[in-house]
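# mind looking at a prediction? Sequence and model below.
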Amino acid sequence: MLFMVISTPRPEKPSTMVPSRKAYWEWLAPLEANGMCKGAWARTGRGAVILFDVPNNETLHRLMNEWAEIIPATFEVYPLIDTGAAKAFLGKPGA
């Protein structure tokens, strides 16, 4: 299941968040290695965007809680459809 998650961290002083930001990238590294994170981008100013590929909502929930433990934030979550699946859907009745 593909999800785009956009974080908006609490408005802390950037200088106080350096250790947490480093911990965030360390947390993310194994998720990139095992394929659960398909991509991660830092947002200009503050925050991040991650494309997760997870087996279920419970895994996404766990990851978002781990993320929020490192950097408290609000999240926008967008379920996504694989491009190939979206194109295949267009050929079905009722699309």
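Nice, thanks for sending it over.
# please enumerate the helices of the chain.
18-33, 57-70, 83-90 (DSSP state H).
# ok, now which ones touch the residue most central in space within the chain?
In the chain, the residue lying closest to the centroid (Cα atoms, centre = their mean) is I50, at 3.1 Å. Residues in contact with I50 (Cβ atoms under 8 Å, 6 or more residues apart in numbering) are M4, V5, S7, L28, C37, G39, A40, W41. All C-beta spots, glycine's among them, are computed from the backbone N, C-alpha and C.
# equivalent analysis for V54, please.
Counting by Cβ under 8 Å, 6+ apart, V54 touches M1, F3, M36, L60, L63.
# how many other residues sit next to the closest residue to it other than its chain neighbours?
In this structure, V54 finds its nearest non-sequential neighbour in L60, 5.0 Å apart by Cβ to Cβ, 6 or more residues apart in numbering. L60 has 19 neighbours, counted by other Cβ atoms under 10 Å.
# thought L60 was touching M1?
Yes: judged on Cβ atoms under 8 Å, L60 makes contact with M1 at a distance of 7.4 Å.
# remind me which residues of this protein are low pLDDT?
Residue ranges of the chain with pLDDT under 70: 94-95.
# chain center to stretch 30-48, what's the gap?
Taking Cα atoms, centre = their mean, to the nearest Å, one finds stretch 30-48 lying 6 Å from the centre of the chain it belongs to.
# equivalent analysis for stretch 17-27, please.
15 Å.
# please identify the buried residues of that stretch?
M17, R21, Y24, W27 (16 or more other Cβ atoms under 10 Å).
# and what of stretch 33-46?
Here stretch 33-46 shows M36, C37, A40, R46 as buried, counting by 16+ other Cβ under 10 Å.
# how about the first one, phi and psi?
Note on M36: backbone dihedrals following degrees, to the nearest 10 are phi -70, psi -30.
# residue contacts, it?
By Cβ under 8 Å, 6+ apart, M36 lies in contact with F52, D53, V54, T59, L63.
# on that earlier part again, okay, the contacts of V54 in TSV with distance to A88 next?
Putting these into TSV (distance: Cβ to Cβ, whole Å) gives the following:
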residue	distance to A88
M1	17
F3	20
M36	24
L60	24
L63	28
